[in-house]
Every structure is written in C-alpha cells, then in structure tokens.
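Undergrad: can't give you the sequence, but here's the structure:
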C-alpha cells in the first residue's frame, strides 16, 4: 500500500510561506524531469525486449520461431510456477504444453548453452526432492485435530480412606 502511494503521488517540498511562481516552476520542472526519466527507462527496456524477442514463459509457437534448437521434457507436476522461477534465473525460454486427456505437461525449452540448462534442471530437481522430503504440515495438523477430538480421560482422583 505504501509503495503504491509513493509511486502515484509526487511530493513537492517547498517553503509554503514564500511560495512564488519561480519556486513552483522549479519544483514542477523537477517532477516532470523525474517522470520523463522514468518513462525513458521503461521505453528503453521495452525496445530491448522487442529487439531480443520475448523471454521466459511463452507459447510453443513463439518458442519454435526462435533460432536455437528446441528440446522437451515431460513433467507430471502441475506446479509449473516453481520451474518458471528457476528458468528465469538461468535465462531459459520455455513453453509448457498440457497433454490432452492426461495429467501431464510437456515443457519445451531453449537455453543459451547446455551448462545453463543442466544447472537449471539440477536446481529444480533438488528443490522438488527437498519439498517432498519435508513432513507435511497438513498431516500433522490433522493428527493434532484428531487428538483434540478424542475423549478426554477422567483424571480426577478419588481419595478414600479405609479404616
């Protein structure tokens, strides 16, 4: 919320008692210069992306239009987002394709070199193995719920003396 307010509001700090036309013109000039610089950075980034083509996740058609050779791998996991983060890190372009009638994805990919591709896949598989080896929090929570719902043993002590 704070970042949104900061990005949309231009704060002009001036001495309000001595606000003159020239002071106001200087302050507005600085605000406009900052906005123009921000706009120039965005347009330069868009122009570079357009010249180099799209990166990251794209359609199979866009990926096939690129110049390098395309490879594929079959993924049974529906969580393509985890692979997307790793692929962006290593600069791999990929296109997930869902196989109709089955619960599988075929991921087509292109990488600048083979080393980047192997590093990305080793990191992705390491993350998946680590996630599967961790104990499930939901299972532990269900077990605790069942213990709470179980009848409580009567723990009152009866003190009787025999004579």
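TA: Thanks, I have it. The shown structure was predicted, so the numbers you read here are calculated from the model rather than taken from an experiment. Numbering: from 1, shown residues only.
Undergrad: List the buried residues of the lengthiest helix in the chain.
TA: The residue-count maximum for a helix in the chain (DSSP state H) belongs to helix 21-52. Residues of helix 21-52 classed as buried by neighbour count (16 or more other CB atoms under 10 Å): residue 27. Backbone N, C-alpha and C define where each C-beta goes, glycine included.
Undergrad: next one: stretch 84-103
TA: In stretch 84-103, counting by 16+ other CB under 10 Å, buried: 84, 86-87, 90, 92-96.
Undergrad: which regions of the protein lie under the pLDDT threshold?
TA: Within the chain, the stretches with pLDDT under 70 are 1-18, 52-54, 67-68, 77-78, 152-153, 163.
Undergrad: Going along the chain, name the strands of it.
TA: 71-75, 93-98, 105-110 (DSSP state E).
Undergrad: and of the ones you listed, who's closest to residue 20?
TA: strand 93-98 (55.6 Å; CB to CB).
Undergrad: Off-centre distance for that closest one?
TA: Between the centre of strand 93-98 and the centre of its chain there are 17 Å (CA atoms, centre = their mean, to the nearest Å).
Undergrad: now what about that strand, what contacts it?
TA: With contacts defined as CB atoms under 8 Å, 6 or more residues apart in numbering, strand 93-98 is touched by 54-60, 62-63, 66, 75, 80, 83-84, 87, 104-111.
Undergrad: Type out the PyMOL command that picks the buried ones from those.
TA: Selection of buried members from the contacts of strand 93-98 for PyMOL, criterion 16+ other CB under 10 Å:
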select buried, resi 57+58+63+75+83+84+87+105+107+108+109+110+111
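Undergrad: quick revisit: the strands of the chain: which one's closest to residue 21?
TA: Among the strands of the chain, strand 93-98 comes nearest to residue 21, with 53.9 Å by CB to CB.
Undergrad: quick one, that closest one and strand 71-75 angle?
TA: 50 degrees (axes from the mean of the first three to the mean of the last three CA atoms, to 10 degrees).
Undergrad: circling back to that earlier point, closest one to residue 44 out of the buried residues of stretch 84-103, please.
TA: Nearest to residue 44 among the buried residues of stretch 84-103 is residue 93, at 21.5 Å by CB to CB.
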